[in-house]
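A.B. asks: Structural data only, the sequence is not supplied:
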C-alpha cells in the first residue's frame, strides 16, 4: 500500500474512532449527566479503551465540552430558517411548541445540560460553550440596547418552557392547544428581540 493511501485509511479510522467516542459520550451524558458517568463507561460504549478517550479528547472535561458543542451544531430554535423568517418571533414560538409537543423526546443537548447542571465543572464548561454558540447567535439577532442580557433572557425562556412543558409536564402547558401557546409566546419573543423594522428596544 502506498504511503498516501495508508495515511488516508489511518485518518478515516481516527475519525471513526473519534465519532464513536463522541456518540457514546453524548448518549451517556444525556442519560446520566456529567457526574453520573465515567470515562471507562463512555469508552466501553464506543468500543474503545479509556486511554483512547484521553488520547482524542484529553480528559473528561474536554470530552464534555466537545459533546456540548456537538449538541448545539444544528439548532432548532435559532436555526438559519427561523432567523431568516419574516416574523422571527413567531418562528421561534412555533419551533419551541413543536419541539416540546406530546410524544417528542427531549433533545440530547437539553438533557445533557439539565442532568449536569449540579456539577460546577459541567456548568462552567456549558456556560463557555453556550456563550460561544447560542448566546452569540441570539445577541446578533436582537435589536436595541442590552442585547447580551436580552439574549440571556431568550435562552432562559426557551429552557424554562422546555423544562415545564416537556420534563415536568405542567398540565396548563402540556395540555394546552399548540396555537394558543404559539400566540402567547410570540409577543414574549418579540419583546425580547425588538423590532428590526423600527429599531424598537
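C.D. replies: Good, I have the coordinates. Nothing here was measured: the structure is a model prediction, and the numbers come from that model. Numbers count the residues shown, from 1 in each chain.
A.B. asks: What is the subsequent helix or strand relative to the lengthiest helix in the chain?
C.D. replies: The residue-count maximum for a helix in the chain (DSSP state H) belongs to helix 3-32. Per DSSP states H and E, the first helix or strand lying C-terminal to helix 3-32 is helix 39-45.
A.B. asks: Just the buried residues of that next one, please?
C.D. replies: Of the residues in helix 39-45, 39, 42-43, 45 count as buried by neighbour count, 16 or more other CB atoms under 10 Å. C-betas here are computed from N, CA, C, even on glycine.
A.B. asks: and which of those residues is nearest to residue 109?
C.D. replies: residue 42 (17.0 Å; CB to CB).
A.B. asks: ok, and for the helix or strand of the chain with the lowest mean pLDDT, which residues are buried?
C.D. replies: Least confident helix or strand of the chain, by mean pLDDT, DSSP states H and E, is helix 3-32 with a mean of 84. Buried positions in helix 3-32, judged by neighbour count with 16+ other CB under 10 Å: 17-18, 20-22, 24-30, 32.
A.B. asks: Check the offset of that helix from the chain's centre.
C.D. replies: 21 Å (CA atoms, centre = their mean, to the nearest Å).
A.B. asks: Around residue 52, count how many other residues there are.
C.D. replies: 17 (other CB atoms under 10 Å).
A.B. asks: And for the helix or strand hosting it, what's in contact with it?
C.D. replies: Under the criterion of DSSP H and E, residue 52 resides in helix 50-57. Outside helix 50-57, the residues within contact range by CB atoms under 8 Å, 6 or more residues apart in numbering are 14, 17-18, 21, 39-40, 42-43, 46, 60, 63, 66.
A.B. asks: what's the angle from that helix to helix 3-32?
C.D. replies: 100 degrees (axes from the mean of the first three to the mean of the last three CA atoms, to 10 degrees).
A.B. asks: Helix or strand next in line after helix 50-57, which one?
C.D. replies: helix 60-71.
A.B. asks: The helix or strand that comes right after that following helix: how far from the chain's middle?
C.D. replies: Next helix or strand after helix 60-71 toward the C-terminus (DSSP H and E): helix 80-83. Distance of helix 80-83 from its chain centroid, counting by CA atoms, centre = their mean, is 16 Å.
A.B. asks: Nice, that's everything, thank you.
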